[in-house]
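>>> Just to be clear, the model below is a prediction. Sequence and coordinates:
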There are 2 protein chains.
Amino acid sequence: MRGIAKAAGVDSALVHHYFGTKEQVFEAAITQSFAPAIEAPKAIEEGPLDGVGERLVRFFFGIWENPATRAPLLAIVRSAVTNETAAAVFRRIIATQVLRRIAVRLDLPDAELRAELAAAQLVGTAMLRYVIKVEPLASADPEQIVARLAPVVQGHLTGP
Amino acid sequence: MRGIAKAAGVDSALVHHYFGTKEQVFEAAITQSFAPAIEAPKAIEEGPLDGVGERLVRFFFGIWENPATRAPLLAIVRSAVTNETAAAVFRRIIATQVLRRIAVRLDLPDAELRAELAAAQLVGTAMLRYVIKVEPLASADPEQIVARLAPVVQGHLTGP
């Protein structure tokens, strides 16, 4: 909190006044950084369900391939993995703003679990491609990845 | 390096003598922590290819469900995500000790990319279940996860 106040050139009481507790500061920062990803359910809501896998994969890699939106996502991943407060905030945002909307659209038993396993495929691919940078995945053509992952994500969301 | 030497009650020159550079110390620590996971290719090598998805998923969750093997894996994930030296070491171990063996067994074009996308599904599931702890995935019965992920991993490794 003191570091944020110092960087902003204000007293730390002012940060407390506007953002509240440390957890609330985290929430504001994560909500801001996560803003592009919050639009993910739109990829599911807009268009027919049988193209949802490809739309979601394209949306996801669109955000990650763009350095401007990738940097804040990397910061979220790093803080969520190493800090329990950040993980709790991230968990709540995912549950209330992403999963619920996807579950409503899918209208299937286990809709939230399906959405999470689809997300796991995408999150894991981002980890290996952009964070750990394992080859050949790190240098693979995005279209090749989209072609392989679209049916997998589709299967998670609408398969048997 | 000084911290390790202090914790071990020795001079830091001794740590340098036995382990070399900071990167080599990381490599020794990661190799040790990653030892259970290094056996993953065995799940692929032992038994018929058409059961490989389920064997690999069971092997993976066997390690992650056991607190004794989960803790060092969590430590690797945290250091690889936040530290470039650790990521480089982890990347090299994955490439030389895991992916090459899997690729030899698969004997398919894009075998390494297939193995990495299968790994991405598993790594992402571990991230959401054990690190971020998103529900309902975090509390789901492991058998339910195995049932959903086995065909996905199988598809990555041997599908069209």
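In hand now; what should we look at? Numbers count the residues shown, from 1 in each chain, chains lettered A, B, ... in the order given.

>>> quick check, stretch A:77-86 touching chain B?
Yes: Stretch A:77-86 reaches chain B (Cβ under 8 Å from any Cβ of the partner chain) through A:Val77, A:Arg78, A:Ala80, A:Val81, A:Thr82. C-betas here are computed from N, CA, C, even on glycine.

>>> buried ones in the helix or strand where A:Leu73 lies?
Per DSSP states H and E, A:Leu73 falls inside helix A:67-82. By neighbour count with 16 or more other Cβ atoms under 10 Å in any protein chain shown, helix A:67-82 contains the buried residues A:Pro72, A:Leu73, A:Ile76, A:Val77, A:Arg78, A:Ser79, A:Ala80, A:Val81.

>>> Now render the residues of stretch A:77-86 next to chain B as CSV, adding distance to B:Ala138 and pLDDT.
Formatted as CSV, these follow (distance: Cβ to Cβ, whole Å; pLDDT from 0 to 100):
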residue, distance to B:Ala138, pLDDT
A:Val77, 17, 85
A:Arg78, 20, 87
A:Ala80, 14, 85
A:Val81, 15, 87
A:Thr82, 18, 86
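
>>> of all those, which two lie farthest apart?
Greatest spatial distance in the residues of stretch A:77-86 next to chain B: A:Val77 and A:Thr82, 9.6 Å, computed using Cβ to Cβ.

>>> what residues are shared contacts of the two?
B:Val81 (Cβ atoms under 8 Å, 6 or more residues apart in numbering or on different chains).

>>> Closest one to B:Thr158 out of the buried residues of helix A:67-82, please.
A:Val77 (30.2 Å).

>>> In this structure the closest one contacts A:Phe90, no?
No: A:Val77 is beyond contact range of A:Phe90, at 9.1 Å (criterion: Cβ atoms under 8 Å).

>>> Secondary structure class of the residue in chain A that chain B sits nearest to, three-state.
Minimum separation of chain A from chain B (Cβ to the nearest Cβ) falls at A:Gly124, amounting to 2.6 Å. Of the three states, A:Gly124 takes helix under DSSP: H, G, I helix; E, B strand; the rest coil.

>>> Name the nearest residue to it, sequence neighbours excluded.
In this structure, A:Gly124 finds its nearest non-sequential neighbour in B:Gly124, 2.6 Å apart by Cβ to Cβ, 6 or more residues apart in numbering or on different chains.

>>> Can you tell me the number of residues neighbouring the one you found?
Each residue near B:Gly124 was counted by other Cβ atoms under 10 Å in any protein chain shown, and the total is 23.

>>> now do A:His16
Neighbour tally, A:His16, other Cβ under 10 Å: 15.

>>> Also A:Ala43?
20.

>>> Give the buried residues for stretch A:81-89.
Result for stretch A:81-89 [16+ other Cβ under 10 Å]: buried residues A:Val81, A:Ala86, A:Ala87, A:Ala88, A:Val89.

>>> Restricted to strands, list those residues.
Among those, no member is found in strands (DSSP state E).

>>> Can you name the residues that contact A:Arg55?
By Cβ under 8 Å, 6+ apart, the neighbours of A:Arg55 are A:Ala43, A:Ile44, A:Glu46, A:Gly47.

>>> Nearest to B:Val134 among these?
So of these, ranked by how close each gets to B:Val134 (Cβ to Cβ), first place is A:Ile44, at 17.1 Å.

>>> buried ones in the one helix or strand that closest one maps to?
Assigned by DSSP H and E, A:Ile44 belongs to helix A:40-45. Neighbour counts over helix A:40-45 (16+ other Cβ under 10 Å) mark A:Ala40, A:Pro41, A:Ala43, A:Ile44 as buried.

>>> average model confidence for the following helix or strand past that helix?
Using DSSP H and E, the helix or strand that follows helix A:40-45 towards the C-terminus is helix A:52-65. Taken as a whole, helix A:52-65 has a mean pLDDT of 92.
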